[in-house]
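K.L.:
whatever this is, show me its structure:
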Amino acid sequence: MINLKDLFTHLHENAEISFEEIETTNYLVQLFEDAGFQPVRFKNCPGFYVDIGQGSPKIGVRADMDALWQEVNGEMKANHSCGHDAHMTIVTGLMMRLKENHHQEGLIRAIFQPAEELGNGSLSVVKEGAVDDLDYFYGVHLRPKDETSFPNCATGIQHGSCVFIKGKISGSDHHGARPHKGVNAIEVASKIVSHMSMIHTDPHIAATAKMTHLQAGGNNLNIIPGHATFGLDLRAETNEMMDLLQEKVKAILHAMSELYGVAISYELDDYVPAAVINEDAEALMKRGIEKATKKAALPRIITPGADDFHFYTIERPHLKATMLGLGADVLPGLHDPYMTFNHEAIELGIDVLYEACLETIAYENKK
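P.N.:
The predicted structure is shown next:
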């Protein structure tokens, strides 16, 4: 049996950023091979999957592997401030417990996925075919203390959709004394911000659009900049609302281009869909939570955050999926460079996922 504390410590201290999780993959593959498993590496990206048991149903459990690149104590480094080190430890511990208990009936597949933080690592796994034959798919994520305290757990995480747009205003620079000779790209950008603040959508469905990057002008303050680059962050609770929000933002960009007579180009830089939670999977996760904790499960968490786990159900609609919201007392918060959590949540996560998998197998076998 592996030492979970040592495993977590190794993963935490040897963090790797998105699509560079080479040594993380090597370390975990070797660990599973030493334990008698037969892990299968992905061909075109870091990561792997490993199975235990056979027959139906086929259940997948996802662990994301990548860290964030951020400043910690004055040093820029790969840093596990989103809990992926804990997620890998939990899923590894789950597989080791299944093996220790001689699990055979029903296939359970642990998928170690790269690049969740980029919002598209899951698409790489889909292309590898690793989820095509699965029936159910479970994720897990540590939750902040002000959202879900230890040892409480939620049956799902209703992540929102997130879209990043990169744009460019392409005019001509001109003299500060002659503002009539051209367009001030900063003024154009300010009008984009102003109009986005007036977007009205159904208030029952959360949605926001804001400018998060603007760069224009140089060192000479007597030059009116005609060029600017900008970035937009769009968030929506549902995929349908995100489609509407994008339409409205693109209409604003087109209108400002026409109004000022200046070219405004833009491109989608990143997209993560909102969660599509399956009710059967959520009900089975509820059973797993209540069996493991002897407490009532919390209902699904609604959060403005995003996770690329939900690409799996978008790309493979047959999957019945939900993500365990694991109460872990995360402080000060996810993505904070000095994030901490209650490490007892690792064992709790193993317990819940173990029971959820067994409940899923029992449920399917009764059909």
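
K.L.:
what's the burial count for D146?
P.N.:
11 (other Cβ atoms under 10 Å). Just so you know, the C-beta spots here come from the backbone N, C-alpha and C atoms, and that holds for glycine as well.

K.L.:
can you report phi and psi for it?
P.N.:
As for D146, its main-chain torsions (degrees, to the nearest 10) stand at phi -80, psi 0.

K.L.:
any idea how far the closest residue in space to N120 that isn't next to it in sequence lies from I205?
P.N.:
Closest residue to N120 apart from its sequence neighbours, by Cβ to Cβ, 6 or more residues apart in numbering: D308 at 6.1 Å. Using Cβ to Cβ, to the nearest Å, D308 is found at 21 Å from I205.

K.L.:
could you check which of those two is surrounded by more residues?
P.N.:
Looking at D308 and I205 with other Cβ under 10 Å, you find the greater number of neighbours at D308, namely 27 against 15.

K.L.:
quick one: mean pLDDT over stretch 99-118.
P.N.:
Stretch 99-118 shows a mean pLDDT of 96.

K.L.:
what residues of it count as buried?
P.N.:
Neighbour counts over stretch 99-118 (16 or more other Cβ atoms under 10 Å) mark 99, 103, 106-118 as buried.

K.L.:
so who does the residue nearest to N120 touch?
P.N.:
Shown in contact with D308 (Cβ atoms under 8 Å, 6 or more residues apart in numbering): A115, E116, L118, G119, N120, G121, S122, L123, V272.

K.L.:
any idea which of those residues is closest to D133?
P.N.:
S122 (16.5 Å; Cβ to Cβ).

K.L.:
helices or strands next to the host helix or strand of that closest one in the packing?
P.N.:
If you go by DSSP states H and E, S122 is part of helix 121-127. Judged by 3 or more Cβ pairs under 8 Å, 6 or more residues apart in numbering; DSSP states H and E, helix 121-127 is in contact with strand 105-113, helix 311-315.

K.L.:
can these go into a markdown table with extra columns for distance to N222?
P.N.:
Compiled in a markdown table, the helices and strands packed on helix 121-127 are given as follows (distance: least, Cβ to Cβ, whole Å):
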| stretch | distance to N222 |
| --- | --- |
| strand 105-113 | 52 |
| helix 311-315 | 49 |
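
K.L.:
all helices for this structure, in order.
P.N.:
4-13, 22-34, 84-100, 121-127, 185-196, 239-260, 279-293, 311-315, 344-365 (DSSP state H).

K.L.:
got the contact list for the residue of the chain most remote from its centre?
P.N.:
Distance from the centre of the chain peaks at A177, with 48.7 Å (Cα atoms, centre = their mean). Applying Cβ under 8 Å, 6+ apart to A177 gives the contacts N222.

K.L.:
how about A292: what's its closest non-neighbour residue?
P.N.:
That would be D351: by Cβ to Cβ, 6+ apart, it lies 3.9 Å from A292.

K.L.:
just give the number of residues close to the one you found.
P.N.:
Counted with other Cβ under 10 Å, residues neighbouring D351 total 21.

K.L.:
how far away is it from L326?
P.N.:
The gap separating D351 from L326 is 10 Å, by Cβ to Cβ.

K.L.:
what of G106?
P.N.:
For G106 relative to L326 (Cβ to Cβ), the value is 23 Å.

K.L.:
what do you get for A275?
P.N.:
Separation of A275 from L326 (Cβ to Cβ) stands at 16 Å.

K.L.:
the two - which one has more neighbours?
P.N.:
For A275 versus L326, the count of surrounding residues by other Cβ under 10 Å is larger for L326: 29 against 26.

K.L.:
ok, now which ones touch the spatially closest residue to the more buried one that is not a sequence neighbour?
P.N.:
With sequence-adjacent residues excluded and distances taken as Cβ to Cβ, 6+ apart, L326 is closest to G349, at 5.0 Å. Contacts for G349 (Cβ under 8 Å, 6+ apart) come out as A86, H87, I90, G93, V140, L324, L326.

K.L.:
can you give me the distance of the residue nearest the centre of the chain to L134?
P.N.:
Central residue of the chain (Cα atoms, centre = their mean): D307, 2.2 Å from the mean position. D307 sits 18 Å away from L134, going by Cβ to Cβ.

K.L.:
so where is the stretch 251-367 of the chain shaky, pLDDT-wise?
P.N.:
Counting by pLDDT under 70, the stretch 251-367 of the chain contains no low-confidence range.

K.L.:
switch the cut-off to 90
P.N.:
Applying pLDDT under 90 to the stretch 251-367 of the chain flags the ranges 269-270, 304-305, 366-367.

K.L.:
same deal with the stretch 1-150 of the chain?
P.N.:
Using pLDDT under 90, the stretch 1-150 of the chain drops low at 1-2, 119-120.
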